[in-house]
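[1] sequence and predicted structure, then a few things I'm wondering about:
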Amino acid sequence: MRVLVTGAAGRLGSAVLAELAARDIAVTALVAQDPGPLTAERVVVGDARDPAAVRSALDGADAVVHTAALASPEVAAPEVVFSANTQATFVVLNEAGERGVRRAVIASSLSITGLPFARSRHSPAYLPLDERVPLLIEDPYALSKQVDEATAAMMNRRHGMTVAALRFPFLGDQARLAARAERLAGDPAAGAAEVWSYLDLRDAARACLLGLTAPLSGAPVIFVAAPETLMTTPTEELLAAHHPGVPCRTALPGRTVAIDLEPARRLLGFTASHPLPEERQS
């Protein structure tokens, strides 16, 4: 296997490179600017929205992990965030499909729910979150992820390519996660929109690899997260305080995260293995 990783110099892209290198999988890295040495056999500098750059990067590739994106609605003008993200996803998947690539993973986001970047506070229709929860989108980043998932489904129909869209929560290494936990301990409301979820980057990278190798078909949408929250407060207590009245379809004992992770276990064989130790939580 040779895997093209787009956005390979980013937080998630770099972790994917490390995961693939550890398993001796050949990698081509597509980066917007030369970041210096990368753990990839081949590096292509170019824009993921540029078909010519993507075609060059796809040379010899059997699979794609697409992580290139503007990572929030706050990093650029709304029209730039939306158009850059959706165009990159379309170009990467379409060029891959035209080249005969039949497996891809795209980085979607829990933010597709519309909750994290909403201008006013909302609650989901029900909990735990799953791939069928109604979306409450009002920001360009979440909208771009909704379009990305629709693009994945279209490319499956157009090219017969299996495209897994992984809905990631807050990602980080252990230091970043510990800093996030400390912040939320002082302001639990700040984590309510993401139901205090997280995932270590090493686990996120492994989920990407499983998205390429597990026996999937179609264009499945899959939430992946650590099985417990970043909080020491019990989940049901947090939900009562910050999402009062929202129907909960299953018990959430202790610090169980309010996301349905059964599809990740069933479809990918994925369970997070790098929790943030309790002593690093505040």
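    Nice, I can see it.

[2] residues touching residue 41, list them.
    Residues near residue 41 by C-beta atoms under 8 Å, 6 or more residues apart in numbering: 26, 27, 28. Backbone N, C-alpha and C define where each C-beta goes, glycine included.

[3] quick one: the second one and residue 180, what's the gap?
    Looking back up the chat, that one is residue 27. Remark: distance between residue 27 and residue 180 (C-beta to C-beta, to the nearest Å) = 29 Å.

[4] what about the strands in the stretch 101-250 of the chain?
    103-109, 162-168, 171-172, 199-200, 221-223 (DSSP state E, counting those that start in this stretch).

[5] nearest the geometric middle of this structure, what residue?
    The residue lying closest to the centre of the chain (C-alpha atoms, centre = their mean) is residue 168, at 3.3 Å.

[6] ok, it touching residue 107?
    Yes. Between residue 168 and residue 107 a contact is recorded at 6.2 Å, counting by C-beta atoms under 8 Å.

[7] now do the shared contacts for these two.
    With C-beta under 8 Å, 6+ apart as the test, residue 168 and residue 107 both reach residue 12.

[8] wait, is residue 93 part of a strand?
    No. Residue 93: not assigned to a strand; according to DSSP: H, G, I helix; E, B strand; the rest coil it is helix.

[9] now it: closest residue in space that isn't a chain neighbour?
    Among residues not flanking residue 93 along the chain, residue 155 sits closest, at 4.4 Å (C-beta to C-beta, 6 or more residues apart in numbering).

[10] from residue 51, how far off is the one you found?
    Shown here: residue 155 relative to residue 51, a distance of 14 Å by C-beta to C-beta.

[11] tally up the residues packed near residue 247, please.
    9 (other C-beta atoms under 10 Å).

[12] skipping its backbone neighbours, what lies nearest it in space?
    Distances taken as C-beta to C-beta, 6+ apart place residue 126 nearest to residue 247, at 4.7 Å, with adjacent residues excluded.

[13] how close does the one you found sit to residue 133?
    Applying C-beta to C-beta, the value for residue 126 to residue 133 is 7 Å.

[14] what of residue 55?
    According to C-beta to C-beta, residue 55 and residue 133 sit 37 Å apart.

[15] same question for residue 213.
    Shown here: residue 213 relative to residue 133, a distance of 27 Å by C-beta to C-beta.

[16] compare these two (neighbour count), which wins?
    The neighbour comparison of residue 213 against residue 133 (other C-beta under 10 Å) goes to residue 133, with 18 against 15.

[17] residue contacts, the more buried one?
    113, 124, 125, 126.

[18] state the phi and psi torsions of the closest residue to residue 52 other than its chain neighbours.
    Excluding the flanking residues, the one nearest residue 52 by C-beta to C-beta, 6+ apart is residue 46, at 7.6 Å. Backbone geometry at residue 46, expressed as degrees, to the nearest 10, gives phi 180, psi 170.

[19] state the distance from residue 46 to residue 27.
    16 Å.

[20] so for the two, which sits in the more crowded spot?
    More crowded of residue 46 and residue 27, by other C-beta under 10 Å: residue 27, with 23 against 17.
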